[in-house]
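> sequence unknown, structure follows:
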């Protein structure tokens, strides 16, 4: 069983910053890709950023230059530093772990966290 727990969401003013964290647990041996997605009210879930074990990253155009994704492979934790936040960044942010291998050889695809709300408003 693999679980992801997010933290760090909240209310912030436009132009402010937040840092999200997501810790994976469950006798994990490796996680190939970790990422963040978000879903705004009335919209579909969209990709925000991903990071591979190697450190290779990708970002949505809308957050490029403002958000930074990073990970700690020892702690199986992924972070999302969000700067220059805009009202349109308001959404529930979900952590994702893909191609997870646990001790004993079990493998999981697309594990999701429960989500954390980011609300950008003055």
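Ah, there it is. Every value quoted in this text rests on a predicted model; they were computed, and no experiment measured them.
> spatially central residue in this protein, please.
The residue lying closest to the centre of the chain (Cα atoms, centre = their mean) is residue 36, at 2.8 Å.
> show me where the protein has its strands.
3-7, 10-12, 18-25, 28-39, 46-52, 57-59, 67-72, 77-82, 91-102, 107-108, 111-112, 116-120 (DSSP state E).
> most tightly packed of those?
Among the strands of the chain, strand 77-82 has the highest mean neighbour count (mean count of other Cβ atoms under 10 Å), at a mean of 22. Placement of C-beta: from N, CA and C, glycine included.
> now do it against strand 3-7, angle only.
Strand 77-82 and strand 3-7 are oriented at 30 degrees to each other (axes from the mean of the first three to the mean of the last three Cα atoms, to 10 degrees).
> and strand 77-82, which strands flank it?
strand 18-25 (antiparallel), strand 67-72 (antiparallel) (DSSP bridges).
> beta partners of the residue lying closest to residue 114 once chain neighbours are set aside?
Spatially, and ignoring its direct neighbours in sequence, residue 114 is nearest to residue 6 (6.8 Å; Cβ to Cβ, 6 or more residues apart in numbering). Assessed by DSSP bridges, residue 6 has beta-bridge partners residue 22.
> I'm done for today, thanks for sticking with me.
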